[in-house]
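1. take a look and give me a structure for this.
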Amino acid sequence: MKRTNDPREPVACRYCDALIVWAKNEKTGLPMPFDSEPDFNLEKGWELRYRESDHELYARYRDTTGPRLRQPHFATCTNYDPQRKGPRSQPTPQQGDLVGRDHIAEVRSAMPPAYMEMYRQ
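-> From the prediction side, this is the model:
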């Protein structure tokens with residue numbers, strides 16, 4: 001389902017009410033917030049481009065000086081707290097998950113008894 005609103009239009013940041021635009025990182029595909037106005041004093045920064053084909057705004061990091069480079073809003077937000085969401089949860093290992101184990105006794109103790117009987121034969 002396509003979005004009906006234009007991604008180039010700025011919206012308010014939920015932490016500081018500054019105007020921001022959201023763009024997808026070209027490498028990861030993840031959305032990132034950027035200041036709505038370019039910073040003309042940046043030597044390195046993000047370049048935003050709008051693609052008509054999928055109606056999305058994309059961001060690409062540039063190492064060169066450019067007239068329309070932007071900063072991620074994480075760097076300029078006055079009320080942003082990265083720990084507000086908490087750390088990303090790590091998946092808990094399952095009994096049958098043997099990835100990363102290298103000790104034979106530990107591997108055998110994690111295997112179901114029925115499998116061990118089949119393995120011994």
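2. now stretch 59-78: buried residues?
-> By neighbour count with 16 or more other C-beta atoms under 10 Å, stretch 59-78 contains the buried residues 59, 66, 69-73, 76-77. Bear in mind the C-beta positions are built from the backbone N, C-alpha and C, glycine included.
3. my error: substitute stretch 32-47 in the last question.
-> In terms of neighbour count (16+ other C-beta under 10 Å), stretch 32-47 has its buried residues at 32-36, 38, 42, 45-47.
4. still on that earlier bit, farthest-separated two in the buried residues of stretch 59-78?
-> 66 and 77 (22.7 Å; C-beta to C-beta).
5. among the buried residues of stretch 59-78, which ones are in strands?
-> When the buried residues of stretch 59-78 are checked against strands (DSSP state E), the matches are residue 59.
6. of the buried residues of stretch 59-78, the lowest pLDDT goes to which?
-> Within the set of the buried residues of stretch 59-78, pLDDT is lowest for residue 66 (68).
7. what's the spacing between the closest residue to residue 39 other than its chain neighbours and residue 79?
-> Nearest in space to residue 39, with sequence neighbours left out and distances taken as C-beta to C-beta, 6 or more residues apart in numbering, is residue 71 at 5.5 Å. Here residue 71 is placed at a distance of 16 Å from residue 79 (C-beta to C-beta, to the nearest Å).
8. just residue 23 next, same as before
-> Distance from residue 23 to residue 79, counting by C-beta to C-beta: 21 Å.
9. those two: which has the busier surroundings?
-> Neighbours were tallied for residue 23 and for residue 79 using other C-beta atoms under 10 Å; the higher tally belongs to residue 23 (24 against 11).
10. I'd assumed residue 36 was in contact with residue 19.
-> Yes: between residue 19 and residue 36 a contact is recorded at 4.0 Å, counting by C-beta atoms under 8 Å.
11. from the buried residues of stretch 59-78, which single one is nearest residue 53?
-> Of all these, residue 53 sits closest to residue 59, with 16.5 Å by C-beta to C-beta.
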